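Peer 1: please work out how this folds:
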Amino acid sequence: MARLNLLEETRFEKLPVTVYVNTDVASRKVARRITDLILKKSKNGEKAVLGLATGVTPIGVYKELVRIHKEENVSFKNVITFNLDEYFPMKPTSSQSYVSFMKENLFDHIDIEMANVHIPDGTLNIEKIPAFCLDYEKKITDLGGLDLQILGIGRTGHIGFNEPGSAPNSGTRLVTLDDLTRRDASRDFGGKQNVPTKAITMGIGTIFKAREIILMAWNTKKASIIKKAVEGEISSDVPATYLQLSENVEFVLDQDAASDLTRFNTPWLVKDCVWDGPLIKKAVIWLANHLDKPILKLTEEDYNNNGMAQLATEKGPVYNINIDIFNKIQHTITGWPGGKPNADDSQRPERANPDKKRVIVFSPHPDDDVISMGGTFIRLVDQGHEVHVAYQTSGNTAVWDDDALRFVEFARDFSKAISIDTEKLDALYMSMRTFLDSKQPNQADTHEIQTLKGLIRKGEAISGARFAGLADDRIHFMALPFYDRGKTERNPVTEADIKITMELLQKVKPHQIFAAGDFADPHGTHKVCFDIITQALNRLENESWVKDCWLWMYRGAWHEFETHEIQMAVPLSPQEVERKRFAIFKHQSQKDRPVFPGDDAREFWVRAEDRTRETAKSYDRLGLAEYEAMEAFVRWKF
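Peer 2: You can find the predicted model right below:
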């Protein structure tokens with residue numbers, strides 16, 4: 001019976017999928033499977049032939065393999081590896097090369113024979129690449145093929161660097177990289193313009209010959225492409241869908257990467273559900289949007305025809321369900337993000353008391369505060385709360401080199417204009433120009449340039465916070481050390497980051513904390529900053545003020561919380577939207593075209609306004625009041 005239920009739940013899925021509670025557990029499971037294969041082959045006196053992947057996804061697997069080698073004495077001397085791909089052109093000594101990646105994360109820490117390691121050569125003359133690719137294929141074939149191929153998946157749906165348009169029978173070859181792939185790699189290269197346009201990759205046909213294929217994916221950033229790969233039609237537009245044709249493939253996901261699959265996102269379409277409050281709210285909002293109807297106009301027929309008959313039967317009549325969910329959504333709306341004084345707060349998202357709260361707005365970068373919650377920030381100040389803003393990092397990597405020079409040139413000219421000696425400043429300026437003229441892609445700036453860029457962003461942040469109404473003594477620059485260490489270390493967070501955060505929390509003793517809750521990239525600055533805050537709060541849990549402190553998450557200018565997730569929605573008037581825009585404008589180094597724009601070509605202020613307007617429209621479509629814009633928040637229980 002359990003097997004039948006599973007088949008019903010997964011009926012939209014066209015290949016085997018295993019979902020683990022988190023990335024760590026999934027990585028350990030995959031590493032153990034690799035280890036078992038190595039041991040089995042060794043026992044039989046055979047070589048284990050592995051196809052390996054690069055990128056963030058397999059790092060946890062490689063870390064666990066290193067642990068197994070050191071702590072369980074598992075040898076890799078019988079292992080032969082073939083990497084999926086390499087950028088072209090690319091020197092193996094470059095920090096962005098997959099040779100460097102594999103050595104840093106695996107090969108330098110195990111006893112594998114480097115003669116048994118094969119990685120596409122990014123230094124070849126282009127006319128020699130076809131022969132190299134044929135030889136790469138021949139080496140795999142002569143060894144009897146790959147025993148196990150490890151894969152990640154790109155947001156284009158690529159496996160290896162087999163981009164959209166790749167043929168299912170393709171072999172190892174030189175390919176042109178998709179623009180989205182290059183954008184995703186831009187931070188490693190110091191900008192998309194520095195990312196190679198081509199790569200050498202194993203073909204889909206080569207991958208298919210492996211006796212076992214494991215595709216891994218973590219975090220919500222991969223959720224939408226995983227749904228296409230698992231549930232979509234086979235298409236060259238999403239090369240990973242070709243894996244549906246293999247009998248030897250398994251997708252290994254964490255819960256976040258699996259979150260868009262039907263059995264997790266809309267489970268009522270595939271099985272009977274335990275209808276708790278959050279699931280009912282999600283389902284009713286989904287139904288209203290699916291049918292493009294306000295919630296209060298949904299009928300029993302609508303429920304029955306869209307997989308929600310069980311809900312109607314167990315919790316109905318449906319009109320009562322509609323009213324209940326409508327009221328719950330309505331109660332998330334408040335013009336008093338710090339709580340409304342002398343009011344009944346039983347149906348409000350925030351407490352009425354104390355009527356004047358101490359608030360810390362944590363901003364991972366020096367502009368996240370005004371971009372993501374500028375309207376709420378200004379309103380909290382206007383309503384008399386003791387608001388502090390804490391900029392967790394300097395953001396110095398996101399300033400253009402020529403902007404930095406422009407500030408030094410201004411300092412020189414101003415000093416000369418008021419008859420201050422500029423000899424040292426002139427020398428510093430010339431050394432900066434010399435360095436920047438020969439600077440390599442993604443090369444770390446000198447200490448002086450990092451300091452200058454940090455000061456540029458600090459000045460902009462002060463200007464934005466002052467515009468929001470803050471006095472200077474409530475503007476805090478934390479300069480968490482992990483940020484600069486992260487340019488050279490993969491796990492840069494240390495005790496110092498947590499202690500700095502604890503000290504500020506102890507100083508302010510806030511009733512409210514606002515923090516960036518964008519977890520799409522678990523290795524991004526936002527996630528690291530959030531984890532530092534929660535670790536600090538957990539250590540302070542015995543402090544009396546912590547018991548009365550609420551932590552609200554906001555999101556950045558790229559996307560918003562889903563409507564069913566929102567627990568506090570702060571409406572903004574047209575005038576407040578304009579004030580927020582002017583606060584964002586104070587961050588002049590991020591206007592027009594930021595260094596790291598992501599996928600979205602729009603300016604940050606445009607993204608922010610479009611996002612908050614869309615949130616307001618989502619409420620309007622459900623039948624609630626129409627507002628100019630809304631900023632949304634979700635409470636985090638720590």
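Peer 1: quick one: low-confidence parts of the stretch 401-550 of the chain?
Peer 2: Residues of the stretch 401-550 of the chain meeting the criterion pLDDT under 70: 486-491, 520-523.
Peer 1: the helices in the stretch 301-450 of the chain, which residues?
Peer 2: Here the stretch 301-450 of the chain has its helices, by DSSP state H, counting those that start in this stretch, at 309-315, 318-330, 368-382, 401-417, 423-437, 447-467.
Peer 1: scan this protein for its longest strand.
Peer 2: Counting by DSSP state E, the longest strand found in the chain is strand 629-636.
Peer 1: show me what it packs onto, helices and strands only.
Peer 2: helix 368-382, strand 550-554, strand 568-572, helix 604-621 (3 or more C-beta pairs under 8 Å, 6 or more residues apart in numbering; DSSP states H and E). (Each C-beta comes from the backbone N, C-alpha and C, glycine too.)
Peer 1: just give me how far the longest one sits from the chain centre.
Peer 2: Offset of helix 604-621 from its chain centre (C-alpha atoms, centre = their mean, to the nearest Å): 21 Å.
Peer 1: could you give the average pLDDT over it?
Peer 2: Confidence over helix 604-621, taken as the mean pLDDT, stands at 95.
Peer 1: and that helix, what's buried?
Peer 2: Using 16 or more other C-beta atoms under 10 Å as the test for burial, helix 604-621 gives 604-605, 607-609, 611-613, 615-616, 618-619, 621.
Peer 1: what's it in contact with?
Peer 2: With C-beta atoms under 8 Å, 6 or more residues apart in numbering as the test, helix 604-621 has contacts from 288-289, 292, 294, 329, 333, 367, 371-372, 374-375, 557-560, 563, 566, 569, 571-572, 577, 580-581, 584-585, 587, 590-591, 594, 600, 602, 625-632.
Peer 1: could you turn the buried ones of the residues you listed into a ChimeraX selection?
Peer 2: For the buried members of these, the matching ChimeraX selection, counting by 16+ other C-beta under 10 Å, is:
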select :288,329,333,367,371,372,374,375,557,558,560,563,566,569,571,572,577,580,581,584,585,587,590,594,627,628,629,630,631,632
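Peer 1: out of the helices and strands packed on strand 629-636, the one nearest residue 156 is which?
Peer 2: helix 604-621 (21.8 Å; C-beta to C-beta).
Peer 1: and that closest one, C-alpha only, in PDB?
Peer 2: Listed next in PDB are the C-alpha coordinates belonging to helix 604-621 (Å, rounded to 0.1, in the frame of the first residue of the first chain):
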ATOM      1  CA  PHE A 604      17.800  48.300  -8.100                       C
ATOM      2  CA  TRP A 605      15.200  51.000  -7.400                       C
ATOM      3  CA  VAL A 606      13.200  49.800 -10.400                       C
ATOM      4  CA  ARG A 607      13.400  46.200  -9.200                       C
ATOM      5  CA  ALA A 608      12.300  47.200  -5.700                       C
ATOM      6  CA  GLU A 609       9.300  49.200  -6.900                       C
ATOM      7  CA  ASP A 610       8.200  46.600  -9.400                       C
ATOM      8  CA  ARG A 611       8.500  43.900  -6.700                       C
ATOM      9  CA  THR A 612       6.500  45.800  -4.100                       C
ATOM     10  CA  ARG A 613       3.800  46.700  -6.600                       C
ATOM     11  CA  GLU A 614       3.500  43.100  -7.600                       C
ATOM     12  CA  THR A 615       3.000  42.100  -4.000                       C
ATOM     13  CA  ALA A 616       0.200  44.700  -3.700                       C
ATOM     14  CA  LYS A 617      -1.300  43.300  -6.900                       C
ATOM     15  CA  SER A 618      -1.200  39.800  -5.600                       C
ATOM     16  CA  TYR A 619      -3.300  40.900  -2.600                       C
ATOM     17  CA  ASP A 620      -5.700  42.800  -4.900                       C
ATOM     18  CA  ARG A 621      -6.200  39.800  -7.100                       C
END
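Peer 1: run the angle between it and helix 318-330 for me.
Peer 2: Put simply, helix 604-621 runs at 150 degrees to helix 318-330, going by axes from the mean of the first three to the mean of the last three C-alpha atoms, to 10 degrees.
Peer 1: quick check: angle from helix 604-621 to strand 629-636?
Peer 2: When the same axes, to 10 degrees is applied, the directions of helix 604-621 and strand 629-636 differ by 80 degrees.
Peer 1: ok and helix 604-621 relative to helix 368-382, angle-wise?
Peer 2: Using the same axes, to 10 degrees: helix 604-621 against helix 368-382 is 60 degrees.
Peer 1: tell me what angle helix 604-621 forms with strand 568-572.
Peer 2: 110 degrees.
Peer 1: where does the stretch 1-150 of the chain have low pLDDT?
Peer 2: 1-7.
Peer 1: can you show me the helices along it?
Peer 2: Ranges of helices in the stretch 1-150 of the chain, per DSSP H, counting those that start in this stretch, are 2-9, 23-43, 59-72, 98-105, 129-142.
Peer 1: which one of those helices lies nearest to residue 636?
Peer 2: helix 23-43 (19.6 Å).
Peer 1: helices or strands up against that closest one?
Peer 2: Using 3+ C-beta pairs under 8 Å, 6+ apart: helix 23-43 touches strand 48-52, helix 59-72, strand 148-151, strand 213-217, strand 249-254.
Peer 1: apply 7 Å and report the result again.
Peer 2: strand 48-52, helix 59-72, strand 213-217, strand 249-254 (3 or more C-beta pairs under 7 Å, 6 or more residues apart in numbering; DSSP states H and E).
Peer 1: before we move on, the earlier item: strands paired with the longest strand of the chain, and their directions?
Peer 2: Its sheet considered, strand 629-636 pairs with strand 550-554 (antiparallel), strand 568-572 (antiparallel) by DSSP bridges.
Peer 1: who wins for proximity to residue 472 among the helices and strands packed on strand 629-636?
Peer 2: helix 368-382 (13.7 Å).
Peer 1: now residue 184, nearest residue through space, not along the chain?
Peer 2: residue 155 (6.3 Å; C-beta to C-beta, 6 or more residues apart in numbering).
Peer 1: now the one you found: which helix or strand?
Peer 2: Taking DSSP states H and E as the definition, one finds residue 155 inside no helix or strand.
Peer 1: and residue 175, by the same measure?
Peer 2: Assigned by DSSP H and E, residue 175 falls within strand 173-176.
Peer 1: do you know how far residue 12 is from residue 159?
Peer 2: Residue 12 sits 21 Å away from residue 159, going by C-beta to C-beta, to the nearest Å.
Peer 1: would you list the buried residues of helix 604-621 in TSV and tack on distance to residue 511?
Peer 2: Output for the buried residues of helix 604-621, formatted as TSV (distance: C-beta to C-beta, whole Å):
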residue	distance to residue 511
604	29
605	30
607	30
608	26
609	29
611	27
612	25
613	30
615	25
616	27
618	29
619	27
621	34
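Peer 1: let me know the closest of the residues you listed to residue 424.
Peer 2: Checking those against residue 424 with C-beta to C-beta, the nearest one is residue 604 at 35.7 Å.
Peer 1: right, and residue 372 touches residue 553 too?
Peer 2: No. Applying C-beta atoms under 7 Å, one finds residue 372 not in contact with residue 553, separated by 10.0 Å.
Peer 1: packed most tightly, which of the strands paired with strand 629-636 would that be?
Peer 2: Comparing the strands paired with strand 629-636 by mean neighbour count (mean count of other C-beta atoms under 10 Å), strand 568-572 ranks first with a mean of 24.
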